[in-house]
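Participant: Fold the following for me, if possible:
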Amino acid sequence: MAAAPILSWEGLSLQQGSGWLFRELDIHIAPRDRLALIGRNGAGKTTLLKLIGGQIDADRGKRSIQPGTRIVTLEQDPFFTGFDTLMDFALAGKDAPEKHEVEAIAGQLGIDMSRKAESASGGERRRAALARALAMEPDLLLLDEPTNHLDLAAIDWLEDWLQRYKGAFVVISHDRTFLERLTRATVWLDRGSLRRKEIGFGGYEAWMEQAYAEEARAAEKLDAKLKIEAHWLERGVTARRKRNQGRLEKLWEMRAQRAAMLSPQGTAKLALASDDAKSKAVIVADQVNKKFGERPIIKDFSLRITRKDRIGVVGSNGAGKTTLLKLLTGELEPDQGTVTLAKTLQGVMIDQQRSLMSPEKRVRDVLAEGGDWIDVRGVRKHIQGYLKDFLFDPGLVEAKVGTLSGGERSRLLLAREFARKSNLLVLDEPTNDLDLETLDLLQEVIADYDGTVLIVSHDRDFLDRTVTVTLGLDGSGKVDVVAGGYADWEKQRKARSSAGPKAAPKTEASAPPPPPPPKKSKLSYKDQRDYELLPRRIEELDAAITRDEQALSDPALYTRDPAKFAALTKALDAARSEKEAAEERWLELAELVEG
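Facilitator: Numbering: from 1, shown residues only. Okay, here's the model as predicted:
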C-alpha cells in the first residue's frame, strides 16, 4: 500500500496577467519522493515550487499538508541583503536551525560562516544557503538549481547527502548528471499542464518524445493544423536532439585526433607539432607558471590550442580556473613561460553578467538596439527569426526584460553575445539558469561555431557532450590535460589515485574509446539514393537560405520592390521547410544504416 502524501495540491490554479500560468493542477508528494521538476524556462517551475512551499498563494485550489511536516526551500537566489555575516543569514527567522547543526554542515562544505555576507562570492553564498537548509532537518526539501555556483567537490558532497536523506525532495536543475543520479520520478510542467511519471530523469527525454509524438498523431487525426503549428518549438527540439547525435560522433573523432597530439603525461607536444597544427594554433602556452604570494596556482603548463578546439576547464573553487582562463586569453601575464595569441584572435566573453539586462529594456532593445534587424556574425537577420533560433516565441520581441524568467534572461544574453563576430568564445559557467532545451541548443551552437571555445563549467554532462580537451586543476598548480570530457578526466584521476605513486606511467593519453562500428542495414534503392544525395541538397538549401536572407536584409527592398520582397520571403520559407524535411529524412536513413 502506497504511503499517504505528506503534501497535496488539488485544482491548483494561478493567474499571470490576463491569463492563467496554469490551471487545475494536481500534485501529491509522498514521504520518500525524489522528484525532478522539469519544464522550459518561463513555464512556471520556480513559481510552482513556491506554491508547494506555501511562500505564495494560489488563485484557486486546495493545499493539504500532514501536521508537523517541515518544508524547507533552497531558493535559486537567496536574499542576503541586511545580514552582516553568512551565519547571521543562516540563523535568521523564527524557524532557524541550531547553530551547531549549521556549523557541522558548513564544515563539511568547507565554508567559513563568519565571512561577511556582502563580500561573499556566489559559491560561498550558495554553500551557506545549503548549510542553513539542510541543518533545518526538513521532511520536504524544495531545491531550486542547487548546483549553481557549486564546485565539483561540493556537488559530489550534496549528491551523497541527498542519497542518504530520509525525507522527500523536489528539485529543479539543469544538471543532467545530478538529476540522473538522484531522482526516482519526474514531474513535467508543460504548457500549463502537469504530468507525472514514476521514472527518474534518465527516462525523461524518451517519455517527452513519446508524449509529443502521440500529440502530433492526435492532432493530425483531428486535422488541427493550428494545433500542429503550435508545436514548432517541440518539433525543433526533437530534430535538434537527433542532429546532436551526429555532432557527438564528430566530437568523438575530434577527441581521438586530439589524443594523438598529446604526450603520455598529457602535456602538449609543442616541439613535435606538425606544420599544419602550428599554422592553426590560436593560443600557445609554453612552460607557464603563476603564483599568488607563495602559493603556486599554475605550474609548468604547456598547451597548443588550435582553431575549433573546445577546451573545458574544471576544478574546485579556488583551484585556479579563472587564473588559467585569464592567462590563456592574455588578460594576465605569467610569472615564467610564455602565452602567445594569434594576431587575428577576436574574442567574446560570456560570463552570465546581466549588466545589459535592464528590466525596463525590451527584448528588441537588447538584441537590435530597438530595430528590426540584427547582425549575426556578419549576416543580417530579422530579429523575430533570430528569437526563434534561440527557442523564444517571436512575439516576445516587445516584452520587457523584467517580465522574463531568470533562465530566459540568460538565454537572451546568449543570443546577443553569440551574434557578435568572433573567432574565440570564452564561456564562464554558461549553463547556470538554463533549461534542458536551451542546453541542447547551446551544445549545437558551440558544435557549429567556426572558432575556438574555452569553457569553465561544473556541469559534467555538458562538458562530456561539448569539449574535446579537459584541463583539470587540483589546486596544487598541476594541470591535467586530457583528451575528452569530464568523465575522461575523472576516470584518469581515479585510475591514478587507485594505482598509487609507484604506478607505471601510461604509454598513451587518456582518450575516449572509439564508438562501436555501425551496423549496416540494407536500404532500398530509393533510400540509398536519398542517403547519398540529401547531404548535397541540404548544402544547396543552406546556400539558398543564406542568399535570400542577405537579400531580404536590405531595409529598402520592400518599399522599392514589394513583389520581389514577397517572392523572396515565400522562397525562403519554402527552402527552410525543405531543408528541415531533408534533414529529418536523412537522419532517419542514417539511423537505419547504423542499425
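Participant: Domain-wise, how is this protein divided?
Facilitator: Following automatic domain parsing, one finds the domains of the chain at 7-210, 252-346+422-499, 518-595.
Participant: Kindly reformat those as TSV containing distance to Lys361, mean pLDDT and mean neighbour count.
Facilitator: Placement of C-beta: from N, CA and C, glycine included. Shown next, in TSV, are the domains of the chain (distance: least, C-beta to C-beta, whole Å; pLDDT from 0 to 100; neighbours: other C-beta atoms under 10 Å):
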stretch	distance to Lys361	mean pLDDT	mean neighbour count
domain 7-210	17	92	18
domain 252-346+422-499	18	83	19
domain 518-595	22	76	14
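Participant: between the ones you listed, which one is nearest to Pro359?
Facilitator: Closest approach to Pro359 among the domains of the chain (C-beta to C-beta): domain 7-210, 14.6 Å.
Participant: And the helices in the stretch 351-500 of the chain?
Facilitator: Using DSSP state H, counting those that start in this stretch, the helices of the stretch 351-500 of the chain run over residues 363-368, 383-389, 406-419, 436-448, 460-466, 486-499.
Participant: Need those in TSV (columns: distance to Leu194).
Facilitator: Supplementary listing: the helices of the stretch 351-500 of the chain in TSV, determined by distance: least, C-beta to C-beta, whole Å:
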stretch	distance to Leu194
helix 363-368	28
helix 383-389	26
helix 406-419	19
helix 436-448	17
helix 460-466	25
helix 486-499	33
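Participant: so what's Asp461 up against?
Facilitator: With contacts defined as C-beta atoms under 8 Å, 6 or more residues apart in numbering, the neighbours of Asp461 are Asp175, Arg176, Thr177.
Participant: Hmm, I typed the wrong one, I wanted Arg310.
Facilitator: Taking C-beta under 8 Å, 6+ apart, one finds Met254, Ile446, Thr452, Val453, Ile455, Thr466, Val467, Thr468, Val469 in contact with Arg310.
Participant: Just these: which are in strands?
Facilitator: Thr452, Val453, Ile455, Val469 (DSSP state E).
Participant: Tell me the spacing between the first one and Leu424.
Facilitator: Put plainly, it is Thr452. Distance, Thr452 to Leu424, by C-beta to C-beta, to the nearest Å: 5 Å.
Participant: hey, what's in contact with both of the two?
Facilitator: Val282.
Participant: returning to that earlier point: export the domains of the chain as CSV, with columns for distance to Arg377.
Facilitator: Converted to CSV, these look like this (distance: least, C-beta to C-beta, whole Å):
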stretch, distance to Arg377
domain 7-210, 24
domain 252-346+422-499, 7
domain 518-595, 12
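Participant: rewinding a little: taking the contacts of Asp461 one by one, which sit in helices?
Facilitator: Taking DSSP state H, the ones among the contacts of Asp461 that sit in helices are Arg176, Thr177.
Participant: Take the contacts of Asp461 and lay them out in a markdown table including distance to Leu74.
Facilitator: Putting the contacts of Asp461 into a markdown table (distance: C-beta to C-beta, whole Å) gives the following:
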| residue | distance to Leu74 |
| --- | --- |
| Asp175 | 14 |
| Arg176 | 19 |
| Thr177 | 19 |
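Participant: wait, which of the contacts of Asp461 is closest to Tyr212?
Facilitator: The closest of the contacts of Asp461 to Tyr212 turns out to be Arg176 (C-beta to C-beta; 19.1 Å).
Participant: ok, the closest one - contacts?
Facilitator: With contacts defined as C-beta under 8 Å, 6+ apart, Arg176 is in contact with Phe201, Leu436, Leu439, Asp459, Asp461, Phe462.
Participant: now Thr85, which residues is it bridged with?
Facilitator: Using DSSP bridges, the bridge partners assigned to Thr85 are Lys116.
Participant: Give me the phi and psi for Leu7.
Facilitator: With angles defined as degrees, to the nearest 10, Leu7 sits at phi -150, psi 140.
Participant: Then Asp190?
Facilitator: The phi and psi values for Asp190, taken as degrees, to the nearest 10, are phi -140, psi 110.
Participant: what's the answer for Val339, then?
Facilitator: Note on Val339: its backbone torsions stand at phi -130, psi 120 [degrees, to the nearest 10].
Participant: Does it touch Val282 like I think?
Facilitator: No: at 11.4 Å, Val339 and Val282 do not qualify as touching, with contact defined as C-beta atoms under 8 Å.
Participant: Which neighbouring elements make contact with the helix or strand where Ala211 lies?
Facilitator: Element membership of Ala211 [criterion: DSSP states H and E] is helix 204-221. In terms of contacts (3 or more C-beta pairs under 8 Å, 6 or more residues apart in numbering; DSSP states H and E), helix 204-221 is packed against strand 185-190, strand 193-197, helix 225-229, helix 232-259.
Participant: and if we set it to 6 Å?
Facilitator: Counting contacts by 3 or more C-beta pairs under 6 Å, 6 or more residues apart in numbering; DSSP states H and E, helix 204-221 packs against no other helix or strand.
Participant: Can you check what angle separates it from strand 193-197?
Facilitator: Orientation check (axes from the mean of the first three to the mean of the last three C-alpha atoms, to 10 degrees): helix 204-221 against strand 193-197 gives 130 degrees.
Participant: rewinding a little: out of the contacts of Arg176, which one sits closest to Arg195?
Facilitator: Nearest to Arg195 among these, with distances taken as C-beta to C-beta, is Phe201, at 14.0 Å.
Participant: shouldn't that closest one be in contact with Arg181?
Facilitator: No: shown here, Phe201 and Arg181 do not form a contact pair, counting by C-beta atoms under 6 Å, at 8.9 Å.
Participant: of all the domains of the chain, which lies closest to Arg364?
Facilitator: Counting by C-beta to C-beta, Arg364 lies closest to domain 518-595 out of the domains of the chain; the figure is 15.2 Å.
Participant: any idea which element Phe22 lies in?
Facilitator: In the assignment (DSSP H and E), Phe22 maps to strand 19-29.
Participant: Okay, now the sheet partners of that strand, with direction.
Facilitator: Within its sheet, and counting by DSSP bridges, strand 19-29 is paired with strand 7-16 (antiparallel).
Participant: From the chain's centroid, how far away is the strand it pairs with?
Facilitator: Average the C-alpha atoms of strand 7-16, do the same for its chain, and the two points are 29 Å apart (C-alpha atoms, centre = their mean, to the nearest Å).
Participant: same deal with stretch 477-484?
Facilitator: Average the C-alpha atoms of stretch 477-484, do the same for its chain, and the two points are 22 Å apart (C-alpha atoms, centre = their mean).
Participant: which residues of the stretch 51-200 of the chain fall in strands?
Facilitator: Listed in chain order, the strands of the stretch 51-200 of the chain (DSSP state E, counting those that start in this stretch) span residues 60-65, 71-74, 140-144, 168-172, 185-190, 193-197.
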